[in-house]
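Student: build the 3D model from these lines:
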Amino acid sequence: MSIEVSHLLKKYGEQKAVNDVSFQVGKAEIVGFLGPNGAGKSTTMKMITGYLVPDAGEISVCGIDVKKFPLESKKKTGYLPEANPLYYDMYVREYLDFIAGVYKIPSRKSKIEEVIELTGLSPEAGKKTGQLSKGYKQRVGLAAALIHDPEVLILDEPTTGLDPNQIIEIRDVIRNLGRNKTVLFSSHILQEVEALCDRIIVINNGEIVADEKISVLQNLNNEQAIRVSFRETLEKEWLARLSAVKQSHTTDGKQWKLETADPDLLKKQLLEMSLQHNLNIVSLQSENKNLEEVFRNLTRQDNS
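Tutor: Down below sits the predicted model:
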């Protein structure tokens, strides 16, 4: 495993910011790390990178114990914090050369040009970092996280404050990096998580509440939905007679969203009803819960 976290605990006074957190992330896996503000995401990420020391628990990166061998583990880790720290008076290449020097990287010049190309910085590489747009500043931070060719990338809100075009560009960079690097990233943009990840870890009130593939989480709740369209206009009472329907929603009497605990039974009942009353079904399909609904269900206060 590239990242192994076991029974992690971090307290601030009496408050447990992170409480008994355990998970693993495999090689070349892109995993979304989600949770509401204050849930413990950034604290967990800082402990994985060695920026914070846990009060209890174990962390290893590429098999290296982060607590016992902090420098060795940092060589394996690239970190882009939410507040991207840059020296605004430095030129892009100058800043990356400084970071490369910290890591004692040989052949700095070629490595700098490599990460500039990889992160799409070339058009702005001749400017000072303070002159760059937010999107290009994020690219500089990402380039700095990549300069030592780490096996693991920890990215905390990498697309915060970016416009839609910049988000897509950074997303493409992360997707390409995920082909041969392990990526753990947090984001409040759930469409971005769905686009990049198969698996997500959700933390709430300092505890892991889900660690699963997105497709599995979307089907965990017994309540699912069927979308059905009729050529005819129906009254709500028609669908209320079907035992598998829990709730029904429509705007025009023709297109319906039906909530159910048994989608297969409901489909059967809809087909039987249409045959019995000579109704025409235009479309009939199951609908998974979107990630926003899953996230809301997992992190609402009555789950804590």
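Student: C-alpha from now on. contacts and neighbour counts both.
Tutor: Fine.
Student: quick one, strands of the stretch 101-250 of the chain?
Tutor: For the stretch 101-250 of the chain, the strands defined by DSSP state E, counting those that start in this stretch cover 152-156, 182-186, 199-204, 207-213, 224-230, 247-250.
Student: possible to save those as a markdown table with mean pLDDT, mean neighbour count and distance to D264?
Tutor: As requested, the strands of the stretch 101-250 of the chain are exported to a markdown table (pLDDT from 0 to 100; neighbours: other CA atoms under 10 Å; distance: least, CA to CA, whole Å):
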| stretch | mean pLDDT | mean neighbour count | distance to D264 |
| --- | --- | --- | --- |
| strand 152-156 | 96 | 25 | 41 |
| strand 182-186 | 95 | 26 | 36 |
| strand 199-204 | 95 | 22 | 26 |
| strand 207-213 | 94 | 18 | 23 |
| strand 224-230 | 90 | 19 | 10 |
| strand 247-250 | 92 | 14 | 16 |
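Student: now these in CSV, with distance to E113?
Tutor: What follows is the strands of the stretch 101-250 of the chain, written out as CSV (distance: least, CA to CA, whole Å):
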stretch, distance to E113
strand 152-156, 20
strand 182-186, 22
strand 199-204, 33
strand 207-213, 36
strand 224-230, 50
strand 247-250, 56
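Student: V25: which of the ones you listed is closest?
Tutor: strand 182-186 (7.4 Å; CA to CA).
Student: any weak-confidence spans in the protein?
Tutor: 219-223, 288-289, 301-304 (pLDDT under 70).
Student: cutoff 50 now
Tutor: 302-304 (pLDDT under 50).
Student: all helices for it, in order.
Tutor: 41-49, 70-75, 92-102, 108-118, 134-146, 164-177, 190-196, 214-218, 236-240, 263-276, 291-299 (DSSP state H).
Student: distance from stretch 112-132 to the middle of the chain?
Tutor: 26 Å (CA atoms, centre = their mean, to the nearest Å).
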